[in-house]
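S.K.: Below: sequence and its predicted model.
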Amino acid sequence: MQPPKMSGSVKPTQDTKFHIDYTWWERNNEDLRTYLLSHLPAEQRDRLMNSTGDQKVDFIDPETGAVFQEDEIGMALKNAAKDPNFINPHSSVVDSVFRVFVANNNQPLSPRELGDILGRPAATILKTLAGIRVYYGIRPTD
């Protein structure tokens with residue numbers, strides 16, 4: 001039996017799973033590339049700023065063994081995510097949550113799980129993510 005799908009009228013809870021909905025970026029004409037670059041260390045950001053980003057490389061997920069294509073920015077973000085300071089208490093809640101999803105290959109997580117990872121209250125994360133405004137495509141999974 002499958003769980004019921006989220007509808008616009010269902011209010012998310014601390015156990016509702018969220019993820020980055022990349023189609024949100026397209027629908028809202030937002031610049032995903034620029035936002036992704038902002039999460040990189042300065043030297044990587046400067047190097048990739050003028051790159052077209054078209055070149056793809058094979059990436060092997062170390063946990064699942066799955067192979068998929070990744071662009072230069074995606075690979076740079078995966079490398080940046082290995083730094084223990086990539087996710088830190090000085091970043092905003094939204095940036096921190098986005099970085100968690102970048103670091104975990106966008107595997108859905110609940111505010112409770114995000115709170116455990118970030119060391120922040122799940123209620124604060126839920127209040128931020130479940131409001132009227134969608135931040136950086138972070139939305140409940142369907």
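M.R.: Everything's here; your move. Fair warning: this is a prediction, and the values are worked out from it, not measured in the lab.
S.K.: Helices of the chain, start to end?
M.R.: 22-27, 32-37, 42-49, 72-81, 93-103, 111-118, 122-129 (DSSP state H).
S.K.: mind putting the ones you listed in a markdown table, distance to Gly137 and mean neighbour count included?
M.R.: The way it works is simple: take the backbone N, C-alpha and C, and place the C-beta from them, glycine included. Converted to a markdown table, these look like this (distance: least, CB to CB, whole Å; neighbours: other CB atoms under 10 Å):
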| stretch | distance to Gly137 | mean neighbour count |
| --- | --- | --- |
| helix 22-27 | 4 | 12 |
| helix 32-37 | 8 | 16 |
| helix 42-49 | 20 | 13 |
| helix 72-81 | 15 | 18 |
| helix 93-103 | 8 | 20 |
| helix 111-118 | 15 | 19 |
| helix 122-129 | 11 | 18 |
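S.K.: Mind listing what's buried along stretch 59-69?
M.R.: By neighbour count on 16 or more other CB atoms under 10 Å, the buried set for stretch 59-69 is Phe59.
S.K.: ok so, going back, what's the closest of the helices of the chain to Thr13?
M.R.: Counting by CB to CB, Thr13 lies closest to helix 122-129 out of the helices of the chain; the figure is 7.2 Å.
S.K.: Give the rounded mean pLDDT of that closest one.
M.R.: The average of the pLDDT scores along helix 122-129 is 96.
S.K.: Please name every helix or strand in contact with it.
M.R.: Taking 3 or more CB pairs under 8 Å, 6 or more residues apart in numbering; DSSP states H and E as contact, the helices and strands that helix 122-129 lies on are helix 93-103, helix 111-118.
S.K.: if I pick Leu126, what's in contact with it?
M.R.: Pro12, Thr13, Gln14, Thr16, Pro111 (CB atoms under 8 Å, 6 or more residues apart in numbering).
S.K.: Any of those residues buried? List them.
M.R.: Buried members of the contacts of Leu126, scored by 16+ other CB under 10 Å, are Pro12, Gln14, Thr16, Pro111.
S.K.: helices and strands of this structure: which one has the lowest mean pLDDT?
M.R.: None of the helices or strands of the chain scores lower by mean pLDDT, DSSP states H and E than strand 56-60, at a mean of 71.
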